[in-house]
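Visitor: 3D model of this:
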Amino acid sequence: MPMLDTAKRWARGIKRDTVALWLAARDPRVPWYAKATAGAVAAYAFSPIDLIPDFIPVIGYLDDLLIVPLGIMLAVKLVPAGLMQEFREAATRHSKPVSKAGLVFMIVVWMLLALALLWLFWPMPLER
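Guide: Numbers count the residues shown, from 1 in each chain. Here you go, the predicted model:
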């Protein structure tokens, strides 16, 4: 079961780093570009709605397995190492937040996608 233990440790690390990035996005000591990246990654990760819904076979979990971890890796590299360690320690004491901004963002993305598809496939009258 070493592979299962490794996967569990990785998942706990991802969860901890996401909370740490949520904390980093609110800290005045973090540079603005790192705050923006950390905030966007945390908002998306904590959003109850995914870009690709999980019920879609195979690709539904693509964002959970690829997009979120890659975003976390990028954001962690942008936050100064000493601060990131501090946020990681604080994250172990915090519960997982729910991102209302991430929820609103995903709703807007889905609405824009629906409007684009409607515009693309709506029958246009033929001009004479």
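Visitor: so where is the protein shaky, pLDDT-wise?
Guide: 96-99, 102, 126-128 (pLDDT under 70).
Visitor: Okay, helices next: where are they in it?
Guide: For the chain, the helices defined by DSSP state H cover 2-24, 32-46, 62, 68-78, 81-91, 100-121.
Visitor: Out of those helices, which gets nearest to D54?
Guide: helix 62 (9.8 Å; Cβ to Cβ). (Glycine included, C-beta is placed from N, CA and C.)
Visitor: Residues contacting the closest one, please?
Guide: Taking contacts as Cβ atoms under 8 Å, 6 or more residues apart in numbering, the residues outside helix 62 that touch it are I52.
Visitor: Please give the centre-to-centre distance between that helix and its chain.
Guide: 12 Å (Cα atoms, centre = their mean, to the nearest Å).
Visitor: out of the helices of the chain, deepest packed?
Guide: Of all the helices of the chain, helix 32-46 carries the top mean neighbour count, a mean of 20, counting by mean count of other Cβ atoms under 10 Å.
Visitor: what does that one rub up against?
Guide: By Cβ under 8 Å, 6+ apart, helix 32-46 touches 18-19, 21-22, 24-27, 30, 51, 67-68, 71-72, 74-75, 78-80, 96-99, 101-102, 105-106.
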